[in-house]
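Colleague: Here's a sequence, model it:
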Amino acid sequence: MTAAPILRSAALQKALGQLLQPAPRPPAGATFATTLANTRTDTPTRPKTSSAKSNLTLSGVSSSPPSNGAVPFQSLIVAAAAKYGLDPALLAGVVKQESNFNPNAKSGSGAKGLTQLMDATARRLGVTDPFDPAQSLDGGARFLSGLMKQFHGDQSLALAAYNAGPGAVQKFGGIPPYQETQRYVPKVLGFAAQFSRSWASSSATPAITS
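Modeller: Numbering: from 1, shown residues only. Modelled structure (predicted):
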């Protein structure tokens, strides 16, 4: 295992631990916006290296959604997205980029399942079997939802944090200048737009949450 995957794993695990900690009670008179503005996550920055999730083990997975607008595990994706207040097309875009909808995908660094969770991260999210589609989607959706809240609903920043860690996004004040992350964000947003259009024009349209 190279140093880059280890660093990324540690960064995400630390960030996740902070995201899952009970939020402190705000002082009297504090607004929700003020509480969000005061939230910070100190995460080591990620070096400019190759993907920590490279060498995925993929098999028998289509590279594009079926013509009827459905995607693999769509009902589970919609359910997980609804549970955590996410756009299901965005969550589907993350799954497409992370694992290409292969529940048995595993990276060289040990990230596993549909949402490519590291073991320690999966445990913190309550995922006991990262290869179980329902558990992986629930964990990934919970993590992404926490990042969306941390970055005030900015999808690009939340996706950058999913890939590179919240600390890197905070350090650079936006999407970090890492080649992988620079490519990751528009790819996921592109997939999300594709799924949204496909669902909107078919009978497979899921409920969109805000």
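
Colleague: From here on, just use CA atoms for contacts and neighbour counts.
Modeller: OK.

Colleague: all strands of the chain, in order?
Modeller: Listed from the start of the chain, the chain has no strands (DSSP state E) to report.

Colleague: any weak-confidence spans in the protein?
Modeller: The model of the chain has pLDDT under 70 over residues 1-69, 203-210.

Colleague: mind listing the helices for it?
Modeller: With DSSP state H, the ranges of helices along the chain come out as 3-20, 32-37, 74-83, 88-99, 119-124, 133-150, 155-164, 166-172, 179-200.

Colleague: right, so those helices: which one is the most enclosed?
Modeller: For the helices of the chain, the stretch with the most neighbours on average is helix 88-99, a mean of 25; neighbours defined as mean count of other Cα atoms under 10 Å.

Colleague: ok so, going back, could I get the helices of the chain as CSV with distance to residue 106?
Modeller: CSV is the format used below for those (distance: least, Cα to Cα, whole Å):
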stretch, distance to residue 106
helix 3-20, 13
helix 32-37, 34
helix 74-83, 19
helix 88-99, 8
helix 119-124, 11
helix 133-150, 12
helix 155-164, 16
helix 166-172, 23
helix 179-200, 18
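
Colleague: nearest to residue 105, of these?
Modeller: Nearest to residue 105 among the helices of the chain is helix 88-99 (5.8 Å), distances taken as Cα to Cα.

Colleague: counting contacts, what elements does that closest one pack onto?
Modeller: For helix 88-99, the contact count by 3 or more Cα pairs under 8 Å, 6 or more residues apart in numbering; DSSP states H and E identifies helix 74-83, helix 179-200 as packing neighbours.

Colleague: got TSV for those helices, with distance to residue 131 too?
Modeller: What follows is the helices and strands packed on helix 88-99, written out as TSV (distance: least, Cα to Cα, whole Å):
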stretch	distance to residue 131
helix 74-83	14
helix 179-200	21
